[in-house]
Structures are given as structure tokens and as C-alpha cells.
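Visitor: Give me a 3D structure for the following:
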Amino acid sequence: MMQAAVVMHLPIPSNNCCRPSFLTSSSSTIILPEQVRPLQRRRYSSSERSSMTVRAELQTTNPTSAATVTSSSSSIATHRVTVHDRQRGIVHEFVVPEDQYILHTAESQNISLPFACRHGCCTSCAVRVRSGQIRQPEALGISAELKAKGYALLCVGFPSSDIEVETQDEDEVYWLQFGRYFARGPIERDDYALELAMGDE
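Guide: Alright, predicted model coming up:
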């Protein structure tokens, strides 16, 4: 329990030469250090400390911010993606948030789809869109002409709606994009000519 400090009232001499400069009245209250008793801290029981901790936690919790986080996470739309894997004869169906890559989301659900670079620079993960829309601003591996024809890359593609796609052969997509630049058709590898060239070195 808190106790009051003990003070002493000492008379001040009337002679100004003996009066200290900091005293301005005929009498003053002087508290001696050895006469001041230290304040005693109140000891709380374990039940009281637990109650105060609970109240402090309730005061620091911001229900508005928690609700904001929940609403923001739930506000992201999700879309059903159906992939017909022609090479394996398998049909995959899974849900993808519209702010996530289709390929990465499929892999997080243990769904195996064809890929190579993962950066939209090749055509290993190319698909033909049967229905729905895919947003792919980073797809550098296919031309704007092929995009207009419904081709897309799963590694950098975001679903804008429920979509149904079909995997494509990488060489077919490559030929559709660059075949017109080869007058004699596709380039074929000549292993014999390669051996001769390496032998000359």
C-alpha cells in the first residue's frame, strides 16, 4: 500500500545573508532523502494478470482490418479450367484464380501438363482454346496472329472465364508460326552432313 512521505518544517532565519537564494518565503518544506520511503508495487494474482492480458488482446485486435483481409482474399474470382491432353489422352479439370498462372496452379494440385521454359518464350505448353478467354500479356512465344486464332501458353496464361483448352504439338505450333518463312518446307536435320562438318574441324 502506498505510504505518504515524511516531511519536516524548518524555520528560516530572518537574516538575508543566511537565507539561500532559492528560498523565497519565510518558511519552506524540506524533504530529506533518507526520510522518503519507496513506493510499494502492487502484486497481482495470476487470475488478475490473466484477465488483464485478455483485455489487452481484445483491445489490440482490429476487427475492421481482419474483415478487410478476408474480403479482399475472397473477392478474387476463380474459374474452372478443363485441359484436354492430346498426347496422353487425359482430361484435367481444376480451378484457377484469375490472378494466377494456369500451369503453376495445375502443378500445385499435382496435375502434370507439358512445359519447358515457364517464361512464355517457347511453345511447349501451347494450347488451342475451345471456349472461354485467356489473358496472356507475357506470351512472347506465339505471335499476335496465333493468339487471334485461339492459341495460348499455359505457363503465362491467366483465366478470364471458365475455359476449355486442348494441348498442341510443339512442332505444329512452331510450323504454323514460322513455316511460311521456309520456302522448301520444314528444316530437316542431316546427321551425315553434321558429321562431315565436325570431321573437318
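
Visitor: Residue 156 contacts residue 121, doesn't it?
Guide: No: Residue 156 is beyond contact range of residue 121, at 9.1 Å (criterion: Cβ atoms under 8 Å). C-betas here are computed from N, CA, C, even on glycine.

Visitor: between the two, who's got more neighbours?
Guide: residue 156 (24 against 15; other Cβ atoms under 10 Å).

Visitor: State the distance from the more buried one to residue 75.
Guide: As for residue 156, its distance to residue 75 is 23 Å (criterion: Cβ to Cβ, to the nearest Å).

Visitor: Ok, residue 95 next?
Guide: Distance from residue 95 to residue 75, by Cβ to Cβ: 16 Å.

Visitor: of the two, who's got more company?
Guide: residue 95 (12 against 7).

Visitor: The more buried one is in what secondary structure piece?
Guide: Element membership for residue 95, per DSSP states H and E: strand 90-97.

Visitor: which residues touch the closest residue to residue 81 other than its chain neighbours?
Guide: Leaving aside its chain neighbours, residue 81 sits nearest to residue 96 (5.1 Å; criterion: Cβ to Cβ, 6 or more residues apart in numbering). Applying Cβ atoms under 8 Å, 6 or more residues apart in numbering to residue 96 gives the contacts 78-79, 81, 102, 105-106, 159.

Visitor: Quick check on residue 174: phi, psi?
Guide: With angles defined as degrees, to the nearest 10, residue 174 sits at phi -60, psi -40.

Visitor: How about the secondary structure of the nearest residue to it once chain neighbours are set aside?
Guide: Spatial nearest neighbour of residue 174, chain neighbours left out: residue 123 (5.6 Å); criterion: Cβ to Cβ, 6+ apart. Using DSSP: H, G, I helix; E, B strand; the rest coil, the structure places residue 123 in coil.

Visitor: and residue 123, how far is that from residue 110?
Guide: Taking Cβ to Cβ, one finds residue 123 at 24 Å from residue 110.

Visitor: Listing request: residues of the chain with sub-threshold pLDDT.
Guide: 1-74, 180-201 (pLDDT under 70).

Visitor: for it, what spans make up the strands?
Guide: With DSSP state E as the criterion, the chain has strands at 8-11, 27-30, 78-85, 90-97, 126-131, 134-135, 151-153, 158-159, 163-167.

Visitor: returning to what we had before: which residues does the residue nearest to residue 81 form beta bridges with?
Guide: residue 79 (DSSP bridges).

Visitor: ok, back up a step: what comes up buried for the strand holding residue 95?
Guide: 92, 96 (16 or more other Cβ atoms under 10 Å).

Visitor: what's the angle from it to strand 78-85?
Guide: Comparing the axes of strand 90-97 and strand 78-85 via axes from the mean of the first three to the mean of the last three Cα atoms, to 10 degrees yields an angle of 160 degrees.
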